[in-house]
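Engineer: The following comprises the amino acid sequence and a computationally predicted model.
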Amino acid sequence: MKSLNSYIDHTLLKSTATKQDIQILCKEAIDNQFFSVCLNSCYVALAKSELSDSAVRVCSVVGFPLGAMSSQAKIEEANGALYDGADEIDMVMNIGLFKSQDYKAVVKDIQGVKNLMPDRVLKVIIETCYLKDFEITKASELVIEAGADFIKTSTGFGPRGASIHDIKLIKSVIRPEDRIKIKASGGIRDSKTAMEYIDLGVDRLGTSSGIAMMSNQTSNSDY
Amino acid sequence: MNIYQHIDFTLLEPTTTESEIIDLCVEAKNFGFNSICINSCYVSIAKKLLKFTDVKVSTVIGYPLGAMATASKVYEAQKALEDGADEINMVINLGYLKSEKYISMLQDISKVKQAIGTTPLVVIIEISELNKNEIIKACELCLESKVDFIKTSTGFSKNGATLTAVKMIKKTLKDQAKIIASGGIEDFETAIKYVEVGADRVASSYISGLKKKSQQLRNKAIFEKYMENKKNNDLISEPQGQIAYRKESR
């Protein structure tokens, strides 16, 4: 099994994050060999240059955290982030259109971004905290239909983050032939919780607590 | 003062459905509010609904974090204009302000301003994340970019507007830009207080408005009047009912 650090998207999305905060985030990601840094689109170019000599990827959010931006604007934001050097995009599904049961528009919103980046990883945040169980499975089906690479649970800005129950629901609709993966995010603060998600088959973890997790894990193994 | 004309009726929750947007438009028209403020995915639908009314369609850009790349904010604004927006509300890049990257922050605003031409630009400075000096600095940068309005809050941060902050912003702006108070303003009495200390407009959420309305409906007399109006399909007199309630409650 891969080690915990290689599952982590080291995340800093608060609105007041400074340039210096981003530089520190990148350095931490290099030191801990995290999979990526996940940040707002205004800092993609900076992070890319900070990480130029490392294997750490840059992941940018799009339409974040409400997902209620017009589809064209999401495409343009993704396009700009890819141009600035983003390796992966985490976009928020249009939750309002989903609640309006305009599923065609929800799929189109995702496809518009995916078409820009056929060879790069697109994760779609379905924001499970706002969805009932049957909506979580429906949203997951739409993300798969749209051809995205990951279903991601949460923005971290809603009333709650990921839950084990969410992951089980998402997994229930994934067929063996689907190449979709799962990213759990929001409220994952310690290595024990992280390992629970990994044991369930989650491929990626979005967390701002990566550093605490790593030291926690180290101290456990030392013990 | 007709407070309704100072109200920006706001619905920005991520779960907002098309039918809620339709309700919002109808209510805004019936009350005679200044504008509705919505996310950019619903601008074209709202514009169609409000085409033959005086209610403006206002939308948000880079919302609510303000941490979107400048080029993307510019594009989102342009697209919203194309869809029919009458006014653009953008969030400043708080990270740039905190990093003291004032030129980057200024450019972020100026480029949107340039892109939208004569369409009014509202700039949200999110006062709950700023100290006093940062609020003043943000106002100065907004003036330098010749923005039309400074808005206090997104409503998604820890706190919204305060009367003290609005007074301070008023002093800094010296009437070179107008003020919109927003965040946590849930009734007309409070809205009036903000206008009295110098806010030109007050943004109030649809959700809280409705909550307020249901409270008001508990007043039996008003409720009966409301039902009667509803029966007669008299859409105009509902706000009058609320004014009456306001007087009674004093």
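Structural biologist: Perfect, thanks for sending it.
Engineer: how about the residues of chain B near chain A?
Structural biologist: B:12, B:14-19, B:39-43, B:63-72, B:75-76, B:79-80, B:83, B:91, B:93-96, B:98-99, B:101, B:126, B:129, B:156-157 (C-beta under 8 Å from any C-beta of the partner chain). To be clear about C-beta, it is placed using only N, CA and C from the backbone, and glycine gets the same treatment.
Engineer: so of those residues, which ones are in helices?
Structural biologist: Mapping the residues of chain B next to chain A onto helices (DSSP state H) picks out B:18-19, B:43, B:70-72, B:75-76, B:79-80, B:83, B:94-96, B:98.
Engineer: Select, from the residues you listed, the two members most distant in space.
Structural biologist: Greatest spatial distance in these: B:S19 and B:K98, 39.4 Å, computed using C-beta to C-beta.
Engineer: Do a quick rundown of the helices in the chain.
Structural biologist: Using chain A here. A:19-32, A:44-50, A:71-84, A:95-99, A:103-114, A:133-146, A:164-173, A:191-199, A:210-222.
Engineer: Chain B is the one I meant
Structural biologist: Ranges of helices in chain B, per DSSP H, are B:18-31, B:43-50, B:70-83, B:94-98, B:102-116, B:132-144, B:163-173, B:188-196, B:206-217, B:220-231, B:237-249.
Engineer: Return the set of buried residues in the longest one.
Structural biologist: Buried residues in helix B:102-116, defined by neighbour count with 16 or more other C-beta atoms under 10 Å in any protein chain shown: B:104-113, B:115-116.
Engineer: That helix vs helix A:19-32, what angle?
Structural biologist: Helix B:102-116 runs at 110 degrees relative to helix A:19-32, counting by axes from the mean of the first three to the mean of the last three C-alpha atoms, to 10 degrees.
Engineer: Outside of helix B:102-116 itself, list whatever touches it.
Structural biologist: Outside helix B:102-116, the residues that touch it by C-beta atoms under 8 Å, 6 or more residues apart in numbering or on different chains are B:61, B:70-71, B:73-74, B:77-78, B:81, B:88, B:90, B:92-93, B:96-97, B:121, B:123, B:137, B:141-142, B:144-147.
Engineer: Also the second one?
Structural biologist: If you take C-beta under 8 Å, 6+ apart as the criterion, helix B:43-50 is touched by A:70, B:18, B:21-22, B:24-26, B:28-29, B:36, B:38, B:56-57, B:59, B:80, B:83-85.
Engineer: List only those of those residues flagged as buried.
Structural biologist: Neighbour-count burial (16+ other C-beta under 10 Å) applied to the contacts of helix B:43-50 gives A:70, B:18, B:21, B:24-25, B:28-29, B:36, B:38, B:56-57, B:59, B:80, B:83-85.
Engineer: Not counting sequence-adjacent ones, nearest residue to the residue nearest to the spatial centre of chain B?
Structural biologist: Nearest residue to the geometric centre of chain B (C-alpha atoms, centre = their mean): B:A203, 3.6 Å. The shortest distance from B:A203 to any residue other than its chain neighbours is 3.6 Å, reached at B:S182 (C-beta to C-beta, 6 or more residues apart in numbering or on different chains).
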